[in-house]
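Engineer: After the sequence you'll find the predicted model.
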Amino acid sequence: MKTYFTMMVLSALLLVAWMPFAFSQTFPAQATGIFTLQDGNELRILQTLPSTKIQGILATAKRVKLADFSGTFDKETGKVLAKMTYCDGGREKLTFFFTRNNANAAEIYFGEAPNDRKEIGKRKGNTRPTLAYECAPESTPQTNQPFMGKGSWTGTWKTDHGIIRLVQVNDVITGKVFVIGDFKDTGVIQLIDFDANEVEGEFTSQTQRDGYFKITRISETKFEGTYRWGQQTEWTSWEGERTSSQLPELTAFGAIHFLNRLLTE
């Protein structure tokens with residue numbers, strides 16, 4: 001019995017000694033690097049050791065600067081906190097987290113929570129980034145346009161509850177993502193919480209009360225999720241498949257008005 005008790009004590013001591021190593025997290029010693037985002041843009045970060053201060057730019061893959069930023073890097077938490085200034089003078093917060101135990105991946109948030117926009121960044125090589133990119137010439141001002149590329153929600157979708165038409169607009173100033181659409185000619189759809197392939201939104205109808213939905217895109221052409229009307233507590237299954245990636249013609253007045261406002265800002 002005494003031997004058994006001694007072994008249990010030793011096992012407990014070993015477990016306590018092992019725990020800090022098992023749960024420890026390591027992050028890079030510095031933040032310097034080029035990180036490619038899901039939308040194809042690049043976050044280029046430069047840190048000069050031993051300082052914790054960083055500077056960088058957000059740029060397109062074609063070497064056009066979109067914004068400058070500066071801030072600090074905390075190697076204990078793997079966190080970059082910075083302020084961004086866009087080429088047109090717009091400003092927003094930038095928060096960058098290295099993935100635990102992975103110096104080549106990061107979660108990046110643009111803006112203030114809860115309305116921030118999340119991106120996943122992957123390290124592009126190991127070269128020291130240049131920040132010598134220029135903003136687009138003033139003679140070609142940036143304007144919002146419907147987003148039609150990979151990962152876009154734009155198109156016509158056939159769902160198990162009817163046809164819906166969606167248009168995605170990525171704001172060139174703030175980086176926020178808007179998706180506007182309609183159904184049955186009068187219903188208006190608006191995505192209000194956008195996180196990559198998982199979105200939440202609301203819809204309104206002239207003939208029925210308001211409703212809410214939560215959907216996840218499982219491929220470029222399919223989504224699945226749930227919806228409910230008004231004050232209902234039960235959610236109903238909802239699935240859809242994209243039948244066209246072309247820019248749809250919206251027919252609901254509310255959706256047309258909202259889209260035109262986004263495109264003229």
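Structural biologist: That came in fine, so what should we check first? Numbering: from 1, shown residues only.

Engineer: alpha carbons only for contacts and neighbour counts from here, please
Structural biologist: Fine.

Engineer: Report the buried residues of the helix or strand Tyr109 falls within.
Structural biologist: Following DSSP states H and E, one finds Tyr109 within strand 105-110. For strand 105-110, burial by neighbour count (16 or more other Cα atoms under 10 Å) applies to 105-110.

Engineer: Kindly report the same for stretch 229-237.
Structural biologist: Quick answer for stretch 229-237 (16+ other Cα under 10 Å): Trp229.

Engineer: Show residues contacting it.
Structural biologist: 209-212, 224-228 (Cα atoms under 8 Å, 6 or more residues apart in numbering).

Engineer: Kindly export it (C-alpha atoms) in PDB.
Structural biologist: The C-alpha coordinates for stretch 229-237 follow below in PDB (Å, rounded to 0.1, in the frame of the first residue of the first chain):
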ATOM      1  CA  TRP A 229     -39.200  34.100 -39.300                       C
ATOM      2  CA  GLY A 230     -39.600  36.900 -36.800                       C
ATOM      3  CA  GLN A 231     -40.100  35.800 -33.200                       C
ATOM      4  CA  GLN A 232     -40.000  32.000 -34.000                       C
ATOM      5  CA  THR A 233     -37.600  30.000 -31.900                       C
ATOM      6  CA  GLU A 234     -37.300  27.100 -34.200                       C
ATOM      7  CA  TRP A 235     -34.900  27.200 -37.200                       C
ATOM      8  CA  THR A 236     -35.600  25.600 -40.500                       C
ATOM      9  CA  SER A 237     -33.000  23.900 -42.700                       C
END
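
Engineer: and the gap between Thr186 and Arg165?
Structural biologist: Here Thr186 is placed at a distance of 12 Å from Arg165 (Cα to Cα, to the nearest Å).

Engineer: Looking at those two, which one has more neighbours?
Structural biologist: Neighbour comparison, Thr186 and Arg165: the larger count goes to Arg165, with 25 against 17 (by other Cα atoms under 10 Å).

Engineer: and that one, backbone torsions?
Structural biologist: Note on Arg165: its backbone torsions stand at phi -120, psi 130 [degrees, to the nearest 10].

Engineer: Got the confidence number for it?
Structural biologist: Confidence at Arg165, expressed as pLDDT, is 92.

Engineer: Cool, thanks, signing off.
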